[in-house]
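Asker: Prediction below, plus the sequence it came from.
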Amino acid sequence: ARLTAADADSDERAVEAALRPRSLAEVVGQHRVREQLGLVLDAARARGRAPDHVLLSGPPGLGKTTLAMIIAGELGAPLRLTSGPAITHAGDLAAILSGLQEGDVLFVDEIHRMSRAAEEMLYMAMEDFRVDVVIGKGPGATAIPLEIPSFTLVGATTRAGLLPGPLRDRFGFTAHLEFYEPAELDQIVHRSAGLLEVRLTDEGSREIASRSRGTPRIANRLLRRVRDYAQVRADGVVSHDVARKALELYEVDASGLDRLDRGVLDALCRRFGGGPVGLSTLAVAVGEERETVEEVAEPFLVRLGLLARTPRGRVATATAWRHLGLTAPATAFG
Ligand code: ADP
């Protein structure tokens, strides 16, 4: 996987488990979400009832799975994990729901990718704790009502706007996770270094934090790669110099841009005069899939104000030209 990808593969998930905060108090940053969620959980505990369903939205790697695990932990309830893409038929969901015990927390990652039929079944389950299981097809089909134990749904989505209104409305509490500030990432890198027994200077930590795209998952991943470098090429300590050299070697620049990001900017400025240029043309120029450019590189470039999406195509901003060490044309955007 790319070093700066916000998603994790299954190997990485295993490594990440050791670094996950286990309580709300251990979570770094996200103050508002932490306080609101703390209140929801305290109130539910005081009433001795399962809390409202919770929707967590925000880009990958910001802590949605971590918060779901903490919710279950704080309620003393087991967490069942599944994901939208794994629920292709209503029957898949019926099987999961009927296997739940009273008070369980069900985590559905990428909930916006569930099938329509399953979604409709979920509305009913969330509201009435019952579902209709349809047996047979056509005019002979019958719906058999099935009671399910009361549970708390924790849904995660990268974009709350992708969820149909009726589903969104059935969550009693929605938390939107924001990208992290450099100081918060710095704190996360220090915390992870402690858990992984990596020796690290304050400057080394800051260097990693500032190249992590506002994303804890990336901060933790860069820390592991820099640790490798420190052990093999230096004295084992992650100093400022070690962090900088290692990240240069891995082609992660001072703003957190990687090879693909720079390739996109480079093509945009040098080959297309700063644009506007269509997404497909741009993707061909950097030798990548259209989806990769659109979903992986562009969101971060847009966030840094380096690229703009206009109705006529992609455009490099004046900042982008400067980032590449080029002189921006007088007509450059932004
Ligand atoms: P998501 O589900 O949003 O993709 P995860 O919950 O899997 O993200 O988090 C990715 C990694 O980042 C985890 O290993 C976790 O340790 C770390 N992490 C995320 N948020 C925080 C935080 N607020 N404080 C400390 N570590 C965090």
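Answerer: Great, that's in hand.
Asker: CA-only coordinates of stretch 114-126 in PDB, if you can.
Answerer: Extracted in PDB, the C-alpha atoms of stretch 114-126 (Å, rounded to 0.1, in the frame of the first residue of the first chain):
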ATOM      1  CA  MET A 114     -24.900  -1.400   2.000                       C
ATOM      2  CA  SER A 115     -27.500  -2.600  -0.500                       C
ATOM      3  CA  ARG A 116     -30.800  -0.800  -0.800                       C
ATOM      4  CA  ALA A 117     -32.800  -3.700   0.400                       C
ATOM      5  CA  ALA A 118     -30.600  -4.200   3.500                       C
ATOM      6  CA  GLU A 119     -30.800  -0.400   4.200                       C
ATOM      7  CA  GLU A 120     -34.600  -0.600   4.400                       C
ATOM      8  CA  MET A 121     -34.400  -3.600   6.700                       C
ATOM      9  CA  LEU A 122     -32.000  -1.600   8.900                       C
ATOM     10  CA  TYR A 123     -34.400   1.400   9.200                       C
ATOM     11  CA  MET A 124     -37.000  -0.900  10.800                       C
ATOM     12  CA  ALA A 125     -34.500  -2.700  13.000                       C
ATOM     13  CA  MET A 126     -33.100   0.600  14.300                       C
END
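Asker: neighbouring contacts of it?
Answerer: Identification of contacts with stretch 114-126 by C-beta atoms under 8 Å, 6 or more residues apart in numbering yields 53, 84, 87-90, 92-94, 97, 108, 130-132, 148, 153, 164, 166-167, 170. (C-beta placed from N, C-alpha, C; glycine too.)
Asker: residues touching the residue in the chain positioned nearest to the ligand, list them.
Answerer: Residue nearest to the ligand within the chain (C-beta to the nearest ligand atom): Gly63, separated by 2.8 Å. Gly63 makes contacts with Val27, Gln30, Leu177, Pro216, as judged by C-beta under 8 Å, 6+ apart.
Asker: restrict those to contacts with the ligand.
Answerer: Among the contacts of Gly63, the residues that sit close to the ligand (C-beta under 6 Å from any ligand atom) are Val27, Gln30, Pro216.
Asker: quick one: the helices in the stretch 101-250 of the chain?
Answerer: 116-128, 165-168, 182-196, 202-210, 216-233, 240-249 (DSSP state H, counting those that start in this stretch).
Asker: Around the nearest residue to Gly61 once chain neighbours are set aside, count how many other residues there are.
Answerer: Setting aside the residues directly before and after it, Gly61 is nearest to Arg217 in space (C-beta to C-beta, 6 or more residues apart in numbering), at 3.1 Å. Counted with other C-beta atoms under 10 Å, residues neighbouring Arg217 total 24.
Asker: Settle this for me: Arg217 is touching Gly58, isn't it.
Answerer: No: Arg217 is beyond contact range of Gly58, at 11.9 Å (criterion: C-beta atoms under 8 Å).
Asker: got the contact list for Ala68?
Answerer: Applying C-beta under 8 Å, 6+ apart, we find Ala68 in contact with Leu56, Leu79, Leu81, Val105, Phe107, Val154, Ala156.
Asker: Of the residues you listed, keep whichever come out buried.
Answerer: Leu56, Leu79, Val105, Phe107, Val154, Ala156 (16 or more other C-beta atoms under 10 Å).
Asker: could those residues be laid out in CSV, adding pLDDT and distance to Ala117?
Answerer: What follows is these, written out as CSV (pLDDT from 0 to 100; distance: C-beta to C-beta, whole Å):
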residue, pLDDT, distance to Ala117
Leu56, 97, 24
Leu79, 95, 25
Val105, 97, 24
Phe107, 98, 21
Val154, 98, 22
Ala156, 97, 21
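Asker: Could you report the separation of the spatially most central residue of the chain from Ile208?
Answerer: Residue closest to the average C-alpha location in the chain (C-alpha atoms, centre = their mean): Pro60, at 1.1 Å. The gap separating Pro60 from Ile208 is 19 Å, by C-beta to C-beta, to the nearest Å.
Asker: Close to the ligand: what parts of this protein are there?
Answerer: 16, 19-21, 27-30, 60-66, 188, 216-217, 220.
Asker: Looking at the residues you listed, which are in strands?
Answerer: When DSSP state E is applied, the residues of the chain next to the ligand are split such that none fall in strands.
Asker: For this structure, give me the ranges with low pLDDT.
Answerer: Within the chain, the segments meeting pLDDT under 70 span 1.
Asker: so where do the strands sit in it?
Answerer: Under DSSP E, the chain gives strands at 54-57, 79-83, 105-109, 130-135, 142-147, 152-157, 173-176, 199-200, 237-238, 307-310, 313-316.
Asker: Of all those, which one comes closest to Gly273?
Answerer: When those are compared by C-beta to C-beta, strand 313-316 sits nearest Gly273, at 8.9 Å.
Asker: buried set for stretch 216-224?
Answerer: By 16+ other C-beta under 10 Å, the buried positions in stretch 216-224 come out as Pro216, Arg217, Ile218, Ala219, Asn220, Arg221, Leu222, Leu223.
Asker: mind putting these in CSV, distance to Leu75 included?
Answerer: Formatted as CSV, these follow (distance: C-beta to C-beta, whole Å):
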residue, distance to Leu75
Pro216, 23
Arg217, 25
Ile218, 30
Ala219, 28
Asn220, 26
Arg221, 30
Leu222, 33
Leu223, 31
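Asker: Quickly name whichever of these is closest to Arg312.
Answerer: Using C-beta to C-beta, the buried residues of stretch 216-224 come closest to Arg312 at Ile218, 31.9 Å.
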